[in-house]
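Participant: A predicted structure for the sequence below; I have some questions about it.
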Amino acid sequence: MNEIIKMTATELAEKIKTKQLKSAEVVQAFIQRAKETDSKIKAYMEITEEYAMAQAKASDEKIASGKETGALEGVPIAIKDNILIKDLRMTASSKILENYIAPYDATVIEKLKNSGAVFVGKTNLDEFAMGSSTENSAFFTTKNPWDTDRIPGGSSGGSASAVGAMTAPLALGTDTGGSIRQPASCCGIVGVKPTYGRVSRFGAVAFASSLDQIGPMSKTVEDSALLLNVIAGYDKKDSTSINKDVGDYVKNINKDLKGLKIGLPKEYFIDGLDADVKKSIDQAIKIYKNLGCEIVEISLPHTDYAIAVYYIICCSEASANLARYDGVRYGFRAQCDNLLDEYKKSRGQGFGPEVKRRIMLGTYALSAGYYDAYYGKAQKVRTLIKQDFEKAYEKVDIIMTPSAPTPAFKIGEKSADPLQMYLSDIFTISCNLAGVAGMSLPCGFSKDGIPVGMQLLSKHFDEETMFNVAYKYQQATDFHKQFPRI
Amino acid sequence: MNAKYEAVIGLEVHSQIKTDTKVFCNCSTDFHSQPNTNICPVCTGQPGVLPVLNKKAVELLVRTGLALECRINKKSVFARKQYFYPDLPKNYQISQYDLRFAEHGKLNISVDGGVKTIGITRIHLEEDAGKLVHDIGMKKLDYSLADYNRTGIPLMEIVSEPDMRTPQDAAAYLTALKSLIEYLETSDCNMEEGKFRCDANVSIRPVGQKEFGTKAELKNMNTISGVEEALVYEIQRQIEVVENGGKIVQETRTWDPDEKVTKSMRSKENAHDYRYFPDPDLVPVILDDEFINGIKKNIPELPEIRKQRFIAQYGLSEYDANVIISDKPLADYYESALETASKQAENSGKQIANWITTELLGKLNSAKLTIKESPVKADNLGTLVALIIKGTISGKIAKMVFEDMFNDGKDPDTVIKEKGLVQISDEGAIVAICKEAVAESPKIVEEYKAGKERAIGAIVGLVMKKSKGKANPQMVNKILIDLLKQ
């Protein structure tokens, strides 16, 4: 195994900047790894070798000529295929966008380009980010690098698997109800859902606008902090991004945790929690106690309603957000003699079953006569869930929970039962509803050798504390230093 | 109208807000551009785009709302109005539903010499749809072309209370509203370019009944007279239905301006369920007092106030004042002409108004020109009237001069000089001509001296003929009387 692919993004950035490594050789190493393993893993919709090598060459020239370099100069990154990179195909893993070429750069892509990052590929996802396993991709299912019979999680399963399989040191995902954290947990990596409004959504295909956030995925906490430094910030193109200074998430990452209060919401530690997951979380609690943290039991009383609230809101918003895919201006079009048939067939053939299910649910929930009972009520309960968190943060600095109820399950195990599938996001959904920041980081392995993740949830815009708490854990453990055998 | 029934009419006006760029992106709003040149990823509904509100559009709407004496809401929310149509790229229109910018205003209109107050229910902001083209020149296409230049142009929808009772009320309301908006310069109000569009809700009820009848919504009227004609037809149609024992059904009807009838478009059962919900891509708009007061301060003189001023300050009749203020450019023209005239002569206000209403407007109408395109510039008309008042030319000569000014665009001094039309006011010269005329009319002189004073008119006519109309008529009169006394 090439030593380059075992390095962290932080190390790579440093070595490229100081001319110990060339970006071209780094990028080549990862693409070589992707070519060797991706036929088994299937993380990528497309490996953008030509595009990446041109970027790598430009970075190397920049460094050679002594010009100012960016924070990620020459460092490879994989991008979830619902984020637009100008002139590259962007499918959202949907047949309806199979041949869509992005006409502009997402704001995060602009920022990454300015930082010198190199785009090695577009990664697979559940169609329009709706799912928890990538089984809803219109094209193929991505495999878990730790066990290819298992799902990589979703919807950012391609990005999680790409980082887990070491075909990219960094990746971007999007998280609407756990789509970064749950696959990160499944693949044994770090995944961060920033505070709502911290990262511009401009150029990420909208699924549920009031919940969606783009976020970093990487092997280490420090690498995610580094990546968030680059992509965070106010964007005038996104009215929901917040005009608030971005700190340096790396700078204070190593602060002492003595006296820090970690809350354990009792609603998350229920009977029937997977034994391997429970064991790993219990160990993590011990580690934090050793680091001088105070462990406090807290309550988030409206947790039980989170799934229902989430599916009403996300489906309602999705039903409007996905209306634009009609075959009229771009994307898949079923040629018909009249307009109504063309709409029906283009959308009927272009969307997969889960997407259609959610569009129908959302359309129903917003219909005249049902709006108040569903959407209106869900918004009210959402406010209560948000208040749960506000109250909890009066007592604790950060909240800790399992990331998912079980380690990665087998492919096909839940795909026939949407409700079972929806429950895999049970621990991650509240974070999006409340708008707070969350992250998953590896905290152990099941007895089958499958990674287990824990989740940290911080106050609004307090990613700094979250990274600090996560970093200290990684300093004390080596779960993030394990590599799958592929 | 049948005396047994009265109509109840409410109007919805869509007026294009006069901004340089669209309401949610930076594309130009220019009407004359080639199809699909003022478009971008945002207004064509590409994946991943987000709307950003144009502040200018809000300012202009609030300005209109204040002039219509509306309450300006401190908090307004945008909502998505969902329906599928190829001219609507996102298949939802960003509009407003419950929290709108302006509500509860009023507008006074003049009908049959009286004044009526029409309530304004609300004004809200929304984006325009694109334009579908079904034919090229005379050639009917078997497909449709979509032009998205207009997509995303800001519209204010001004909804009236059902306070109008006759088609004349409706026409007067639209004229007054259009005039007001032109004064405010918040819209061009050009109906031909679709910048001022009107839908009408109309029902009938027996005179004396308080409850409203079942209404029909009329669409596709492109001129104010079209609205009037459509209402006349529709009211008669509804009366006939009821008189024949039928029932009015709630429906949307379209006005056919060629056949001059309204035709059913869709019934209530087929009405859209627009599934409005707050747009999660846009944050609520909070307007503070400073913003609202800043706009209030800059509202120009409005038509009603200007009319009163014209009557009081310039001595105009109610009728002339009404005609002149109804069109802001015309009122500006009037005041500009008056300013020029006042530098050279006194009390020209009434005469200038007369020249405008009796001569200029008629000529402009037959030449199909607007006041801004008038070949007679305001200062030239002012000078002409001043010349009459000073006695340089007679009113009769002035008409000839005006004719040349209109046809050739020349100033009055040039025309007078070129044609030698300066009035003869030299006493010696006039006395000479009068003596000549008296000598040639012995019979008339006899009659005059016999007491028939009116006979002098014939001698005056002879003097005018001899002087080619240039002799100062007042002087001629006086001199002749003196001569005949001798």
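Facilitator: Perfect, thanks for sending it. These figures come from a predicted structure and were not determined experimentally.
Participant: show me the contacts for the nearest residue to residue A:212 once chain neighbours are set aside.
Facilitator: Closest residue in space to residue A:212, ignoring its immediate chain neighbours: residue A:176 at 5.1 Å, by Cβ to Cβ, 6 or more residues apart in numbering or on different chains. For every residue, glycine as well, the C-beta is placed using N, CA and C. Residue A:176 makes contacts with A:129, A:155, A:207-208, A:211-213, A:314, A:432, as judged by Cβ atoms under 8 Å, 6 or more residues apart in numbering or on different chains.
Participant: Quick check: mean pLDDT of stretch B:178-191?
Facilitator: Mean pLDDT, computed over stretch B:178-191, is 90.
Participant: gap between the two ends of that stretch?
Facilitator: Using Cα to Cα, to the nearest Å, one end of stretch B:178-191 lies 10 Å from the other.
Participant: can you give me the strands for chain A?
Facilitator: A:44-47, A:76-80, A:118-123, A:170-175, A:190-193, A:213-218, A:261-265, A:294-298, A:398-402, A:437-445, A:451-458 (DSSP state E).
Participant: which residues are in contact with the first one?
Facilitator: Spelled out, it's strand A:44-47. Applying Cβ under 8 Å, 6+ apart, the external contacts of strand A:44-47 come out as A:31, A:34-35, A:38, A:78, A:81, A:88-89, A:91, A:93, A:120-124, A:139, A:158, A:162, A:167.
Participant: Looking at neighbours, which among the contacts of residue A:176 is most surrounded?
Facilitator: For these, the largest number of neighbours (other Cβ atoms under 10 Å in any protein chain shown) sits with residue A:155, at 36 neighbours.
Participant: who's in contact with that one?
Facilitator: Taking Cβ under 8 Å, 6+ apart as the test, what residue A:155 contacts is A:125-126, A:129-132, A:134, A:136, A:173-174, A:176, A:179, A:183.
Participant: Just the residues you listed: which are in helices?
Facilitator: Judged by DSSP state H, the contacts of residue A:155 include residue A:183 as members of helices.
Participant: Out of the contacts of residue A:155, which comes closest to chain B?
Facilitator: Minimum distance to chain B across these is 10.5 Å, recorded for residue A:174 (Cβ to the nearest Cβ).
Participant: can you pull up the bridge partners for that closest one?
Facilitator: Here residue A:174 sits in beta bridges with residue A:214, as judged by DSSP bridges.
Participant: ok, now which ones touch it?
Facilitator: Counting by Cβ under 8 Å, 6+ apart, residue A:174 touches A:80, A:82-83, A:129, A:155-156, A:180, A:204, A:207, A:212-215.
Participant: Might you list the low-confidence residue ranges for the stretch 101-250 of chain B?
Facilitator: The model of the stretch 101-250 of chain B has no residue with pLDDT under 70.
Participant: how about a cut-off of 90?
Facilitator: Across the stretch 101-250 of chain B, the ranges flagged by pLDDT under 90 are B:110-115, B:135-143, B:188-196, B:220, B:222-223.
Participant: Closest residue of it to chain A?
Facilitator: residue B:146 (7.3 Å).
Participant: wait, that residue sits on residue B:131?
Facilitator: Yes. Using Cβ atoms under 8 Å, residue B:146 is in contact with residue B:131, at 7.5 Å.
Participant: Compare these two and say which is more crowded by neighbours.
Facilitator: Between residue B:146 and residue B:131, residue B:146 has the larger neighbour count (other Cβ under 10 Å), namely 20 against 15.
Participant: For that one, which three-state class applies?
Facilitator: Classification of residue B:146 by DSSP: H, G, I helix; E, B strand; the rest coil places it in strand.
Participant: so what's the residue of the stretch 101-250 of chain B closest to chain A up against?
Facilitator: Applying Cβ under 8 Å, 6+ apart, the residues near residue B:146 are A:328-329, B:36, B:86-87, B:130-133.
Participant: The same query, at a cut-off of 6 Å, please.
Facilitator: Contact analysis of residue B:146 by Cβ atoms under 6 Å, 6 or more residues apart in numbering or on different chains lists B:86, B:130, B:132.
Participant: thinking again about what came up before, select from the contacts of residue A:155 the one having the most neighbours.
Facilitator: Counting neighbours by other Cβ under 10 Å, residue A:183 comes out on top of those with 40 neighbours.
Participant: ok, now how distant is it from residue A:163?
Facilitator: Applying Cβ to Cβ, to the nearest Å, the value for residue A:183 to residue A:163 is 10 Å.
Participant: Can you pull out the low-pLDDT segments for the stretch 351-486 of chain B?
Facilitator: Across the stretch 351-486 of chain B (using pLDDT under 90), the flagged ranges come out as B:358, B:365-368, B:370, B:386-401, B:403-404, B:408-486.
Participant: For it, what lies in contact range of chain A?
Facilitator: Nowhere does the stretch 351-486 of chain B come near chain A, counting by Cβ under 6 Å from any Cβ of the partner chain.
Participant: Let me see the ranges of the strands in the stretch 351-486 of chain B.
Facilitator: Counting by DSSP state E, counting those that start in this stretch, one finds no strands in the stretch 351-486 of chain B.
Participant: Tell me which residues of the helix or strand bottoming out on mean pLDDT in chain A come out buried.
Facilitator: Within chain A, no helix or strand scores below helix A:418-423, which has a mean of 83 by mean pLDDT, DSSP states H and E. Under the neighbour-count criterion of 16 or more other Cβ atoms under 10 Å in any protein chain shown, helix A:418-423 has A:418, A:421-423 buried.
Participant: what's the answer for stretch B:368-375, then?
Facilitator: Buried residues in stretch B:368-375, counted by 16+ other Cβ under 10 Å: B:371, B:374.
Participant: and the end-to-end length of that stretch?
Facilitator: Start-to-end, stretch B:368-375 (Cα to Cα) is 12 Å.
Participant: I'd like to check what contacts it. Which residues are they?
Facilitator: Contacting residues not belonging to stretch B:368-375 are listed as B:329-330, B:333, B:364, B:406, B:409 [Cβ under 6 Å, 6+ apart].
Participant: Got the domain ranges for the chain?
Facilitator: Just so you know, I chose chain A. Chain A is divided into the following domains under automatic domain parsing: A:3-259+A:397-481, A:304-377.
Participant: could you do chain B instead?
Facilitator: B:5-295, B:303-419, B:427-485.
Participant: Using TSV, please lay out the ones you listed together with distance to residue A:109.
Facilitator: Formatted as TSV, these follow (distance: least, Cβ to Cβ, whole Å):
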stretch	distance to residue A:109
domain B:5-295	10
domain B:303-419	49
domain B:427-485	82
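Participant: For residue A:268, which of the ones you listed is the nearest?
Facilitator: domain B:5-295 (26.9 Å; Cβ to Cβ).
Participant: returning to what we had before: between the buried residues of helix A:418-423, which sits nearest chain B?
Facilitator: Closest to chain B, out of all of those and judged by Cβ to the nearest Cβ, is residue A:422, at 20.9 Å.
Participant: what's the residue lying closest to residue B:11 once chain neighbours are set aside in contact with, if anything?
Facilitator: Of all residues not flanking residue B:11 in the chain, residue B:160 sits nearest, at 4.8 Å (Cβ to Cβ, 6+ apart). Residues in contact with residue B:160 (Cβ under 6 Å, 6+ apart) are B:10-11, B:118, B:120.
Participant: if we go to 10 Å?
Facilitator: Residue B:160 makes contact with B:9-13, B:68, B:105-107, B:118-122, B:170, B:173-174, B:177, B:200-201, according to Cβ atoms under 10 Å, 6 or more residues apart in numbering or on different chains.
Participant: now do residue B:125
Facilitator: Contacts of residue B:125 by Cβ under 10 Å, 6+ apart are B:17, B:23, B:53-54, B:57-58, B:60-62, B:76, B:78, B:94-96, B:100-102, B:154-157, B:285.
Participant: Sounds good, over and out.
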